[in-house]
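Undergrad: The following comprises the amino acid sequence and a computationally predicted model.
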Amino acid sequence: MSTDRKRHDSEETTDSLESVGDYIPTPPDGGWGWVIVFSSLMCNIIVDGLGYSFGVLLPQWVEVFGESPGKISLIGALLVGVYLCAGPVVSGLTNKFGCRPVTFAGSILACAGFLFASFSNSVPVLMLTYGVLGGLGFGLIYLPAIVSVGFYFEKKRAIATGIAVSGSGIGTFIFSPANAAILDAFDWKYMLMIHAGIILNGCVFAMLMRPLEPPRRKRVKTKVRAKTMIDRVKERAIANRKRCNESESSVQVVESFAKLQEAKRLREERLKDDDSDITSMPSAYFVKTRDSDTYKHSFSEAGESYCGSPVVDIPKITFVGVDNKEPSSPESPRSDRSEERFGSMATIEEKPLKEEEAAKKAADDANILNGVYSHEVEPLIENGYAKVAPSNRNYSSAARLRIGSQNNVDKKDYSRPLYRKDIFYSGSTLKIPEFTSQPDMHSYITSITTIPGELALPPSSIWDHCTCLPKSIVDTLRDMLDFSILKDLPFVLICIGNLFAMIGFYVPFTYLVDHAMEQNIAKTDAAFLVSVIGITNTVGRILSGVIADVTKVDALIINNVALVCSAVLLFVEPFCTTYPLLVLFAALYGLCVSAYISLTSIIICDLIGLEKLTNAFGILTLARGTSSIYGPPIAGAVRVATKSYDYSFYLGGLMFVIGSVFHLMLHLPCIKRRGLRDLTAGELDVPENKKPENNKPVAV
């Protein structure tokens, strides 16, 4: 019974340093991953399609509620701003519960928000239901849709991510004319009900997001060899030892201890009159057993060696051991007998290290005094904790699974998506140093997986005090909302640039339809202008990714060119007084802003490295979400003050110019870049393509 129980425990305790890599899932780069891409594509069609097409609904609500365009635009601004600002919180939920349940819950929440909005009769209620509830629901849908693609793809991630995020443009292309047609046929309240039904389909796509699990290891059945006579001798010796240890007779234990004390006392008295060199050493009585023959070897108190029966007049301290070697005869040399005594003495030592036996053999021979080993075996347990000797073994950080405290890590933690540093990276991983320094994909995944442990350290952030939250959520929030990254000058420039650029980003999406209708363009044709932005936005996302990945053009250069062109286009828009010119503006604007959005993660990695990508992505998402909330209302207030949309577009162009200036400052020589393109294999801990020994992750 006890043997079976111990065997079961050993099978369950598999989170050793040698096996933790087996719990980390490796992306298949295909297979069910393409179903994940389709699911993510549909989620982006729903979320960004409804968010970017809000401008079609703006004139209707301005007319119904009699409010200014700036106040009405705040409803749509809350929708897109809240789902961006919710990114860090949604990331924590995704890390804890997975992509499927979070997306499922987001679809239900957003559906409820749009249904409640259909019964609203005031702008503040619409802000709460359509804006806040709908935005939270969209946030729960959007981020898991992006994370799931990155979790299933590595080598083909650029293609997979490009297909998935193209849903933003496709959704804008579909919903803009569809909303105009629905408003012509039904009331806006029925349109929101239809939107709620469409959003509920997100539950179906959520069910397709199957969690990625590590492959199950096949147990290799080993053939049990027949027991030899030596095995039976060992089993009998172990059984006799267990019976002795499990004896319940406390009287015998006391008597044995008393005899031992008496033997030691008599030995010490006898040795007082002797000048032996081993006065301080106990006598030893070794029994060598081989089949039915028993050989005895003893040491007297004077250190003299005898073969055969021991000295009987003085009690001895006795150790019994079993050796598989052939017993030496009494006529064997003293050195042979010393080797026999070493074999018996080994039973006293606890788990000797094989790699140290050869090194210590010479030293052990030198420590023999009259045939007795003078060293002692130190205990392996000290103060209740395992005493582990420091190792001089040099492990490469490139193949290292970093764990704060492995005893507190659950098996599920190894497969949580947000513990991977490259989960938000949208480009191809084939060219980054972290990948090229590894021998295979599994080693790369292990090297970029970081699991914070529960170390006894003082709290370093406000999230460490949130003991009521699960550890996986706290770890994600601590990582994504670490504001110490604002000490990094390149990232500060990126943040400030995005704060300004995102103010002008949503101006065409929100006001282009109303501006075109003021120029006597039909409502359906005006709505199609947003669809044109969606079409070229889809093409631009794929094209910019290909240019940055294939042609090796610096992503920052592409981004800055796109920002400058977007600023110029917003300044030119007021001069587009005919429908063909407005279509041309929409096409070029969608093409430019696509690069600005899709290359974000690549630029961050090029500037500050993959190590801080998750942290930078969380802070940057907050910055963009904040600007998205107050950007359209500011442009609407300018429209009210100037009685014209021209100045609203001028304001958007000015914001893009300021954002471009901060991004252009990143090209200055004084700005130090420590990103993917600037790291070399020599700066890593291991040379390129050098395989770590045994390919085992190391807990640090």
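TA: Done, it's in. Residues are numbered from 1 along each chain as shown.

Undergrad: C-alpha only now, for contacts and for neighbours.
TA: Noted.

Undergrad: Around residue 469, count how many other residues there are.
TA: Neighbour count of residue 469, defined by other Cα atoms under 10 Å: 12.

Undergrad: Provide the secondary structure category for it.
TA: Under DSSP: H, G, I helix; E, B strand; the rest coil, residue 469 falls in the coil class.

Undergrad: go on, the one 5 residues further on?
TA: Assigned by three-state DSSP, the conformation of residue 474 is helix.

Undergrad: isn't it right up against residue 92?
TA: Yes. Between residue 474 and residue 92 there is a contact at 7.1 Å, judged by Cα atoms under 8 Å.

Undergrad: Let me see the ranges of the helices in the stretch 351-500 of the chain.
TA: For the stretch 351-500 of the chain, the helices defined by DSSP state H, counting those that start in this stretch cover 354-366, 433-436, 441-447, 471-480, 489-505.

Undergrad: rank those by pLDDT, which is bottom?
TA: Note on the helices of the stretch 351-500 of the chain: lowest mean pLDDT is at helix 354-366, with a mean of 46.

Undergrad: Residue 26 is in contact with residue 441, correct?
TA: Yes. Counting by Cα under 8 Å, residue 441 does reach residue 26; the two are 7.3 Å apart.

Undergrad: Please say which of these two ends up with more neighbours.
TA: Shown here are residue 441 and residue 26; by other Cα under 10 Å, residue 26 has more neighbours (23 against 16).

Undergrad: and the gap between the closest residue to that one other than its chain neighbours and residue 628?
TA: Nearest non-adjacent residue to residue 26, counting by Cα to Cα, 6 or more residues apart in numbering: residue 442, 5.9 Å away. The span separating residue 442 from residue 628 equals 39 Å under the rule Cα to Cα, to the nearest Å.

Undergrad: now swap in residue 109 and tell me
TA: As defined by Cα to Cα, residue 109 lies at a distance of 21 Å from residue 628.

Undergrad: Pick out whichever of these two has more residues nearby.
TA: In terms of neighbours (other Cα under 10 Å), residue 628 is the more surrounded of residue 109 and residue 628; the figures are 30 against 23.

Undergrad: Give me the helices and strands touching the helix or strand where that one lies, please.
TA: Taking DSSP states H and E as the criterion, residue 628 maps to helix 613-642. With contacts defined as 3 or more Cα pairs under 8 Å, 6 or more residues apart in numbering; DSSP states H and E, helix 613-642 has these neighbours: helix 69-85, helix 87-97, helix 471-480, helix 489-505, helix 507-518, helix 600-608, helix 646-664.

Undergrad: I'd like to know which of the ones you listed lies nearest to residue 194.
TA: For residue 194, the closest of these is helix 69-85, at 17.2 Å, according to Cα to Cα.

Undergrad: now that closest one: mean pLDDT?
TA: Throughout helix 69-85, pLDDT has a mean value of 93.

Undergrad: what angle separates that helix from helix 87-97?
TA: 40 degrees (axes from the mean of the first three to the mean of the last three Cα atoms, to 10 degrees).

Undergrad: Now do the strands for this protein: every range, in order, please.
TA: Using DSSP state E, the strands of the chain run over 284-290, 293-299, 305-307, 317-320, 368-369, 372-373, 381-382, 385-386, 402-403, 450-451.

Undergrad: any weak-confidence spans in the chain?
TA: Scanning the chain for pLDDT under 70 picks out 1-22, 216-227, 242-260, 264, 271-409, 453-466, 549, 672-700.

Undergrad: Apply 80 and report the result again.
TA: Residues of the chain meeting the criterion pLDDT under 80: 1-24, 26, 214-234, 236-237, 239-415, 427-443, 446-447, 450-468, 545-553, 670-700.

Undergrad: Contacts only, for the closest residue to residue 193 other than its chain neighbours.
TA: Residue nearest to residue 193 in three dimensions, not counting chain neighbours: residue 115, with 5.7 Å by Cα to Cα, 6+ apart. Each residue near residue 115 by Cα atoms under 8 Å, 6 or more residues apart in numbering is listed here: 192-193, 196.

Undergrad: and the gap between residue 115 and residue 190?
TA: When distance is defined by Cα to Cα, residue 115 is 9 Å away from residue 190.

Undergrad: cool, and residue 197?
TA: According to Cα to Cα, residue 197 stands 11 Å off from residue 190.

Undergrad: Check residue 441 too.
TA: Residue 441 sits 50 Å away from residue 190 when distances are taken as Cα to Cα.

Undergrad: ok, the residue nearest to residue 559 when sequence neighbours are not counted - how many residues close by?
TA: Using Cα to Cα, 6+ apart and skipping residues adjacent in sequence, the residue nearest residue 559 is residue 596, 5.2 Å away. A count of neighbours around residue 596, defined by other Cα under 10 Å, yields 24.

Undergrad: quick one, what contacts residue 596?
TA: Neighbour list for residue 596: 559-560, 562-563 [criterion: Cα under 8 Å, 6+ apart].

Undergrad: Now with 7 Å, please.
TA: By Cα atoms under 7 Å, 6 or more residues apart in numbering, the residues touching residue 596 are 559, 562-563.

Undergrad: Need these in CSV (columns: distance to residue 212).
TA: Shown next, in CSV, are these (distance: Cα to Cα, whole Å):
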residue, distance to residue 212
559, 33
562, 36
563, 37
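
Undergrad: can you put the residues you listed in TSV and add neighbour count and distance to residue 165?
TA: Formatted as TSV, the contacts of residue 596 follow (neighbours: other Cα atoms under 10 Å; distance: Cα to Cα, whole Å):
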residue	neighbour count	distance to residue 165
559	25	17
562	23	18
563	27	20
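
Undergrad: Out of those residues, which comes closest to residue 621?
TA: Among those, residue 559 lies closest to residue 621 (Cα to Cα), at 17.1 Å.

Undergrad: To what extent is residue 237 buried, counted in neighbours?
TA: Residue 237 is flanked by 16 other residues according to other Cα under 10 Å.

Undergrad: Also the one 3 residues further on?
TA: Taking other Cα under 10 Å as the neighbour definition, residue 240 ends up with a count of 12.

Undergrad: got it, and residue 554?
TA: Using other Cα under 10 Å, residue 554 has 15 neighbouring residues.

Undergrad: wait, what's in contact with it?
TA: Contacts of residue 554 (Cα under 7 Å, 6+ apart): residue 548.
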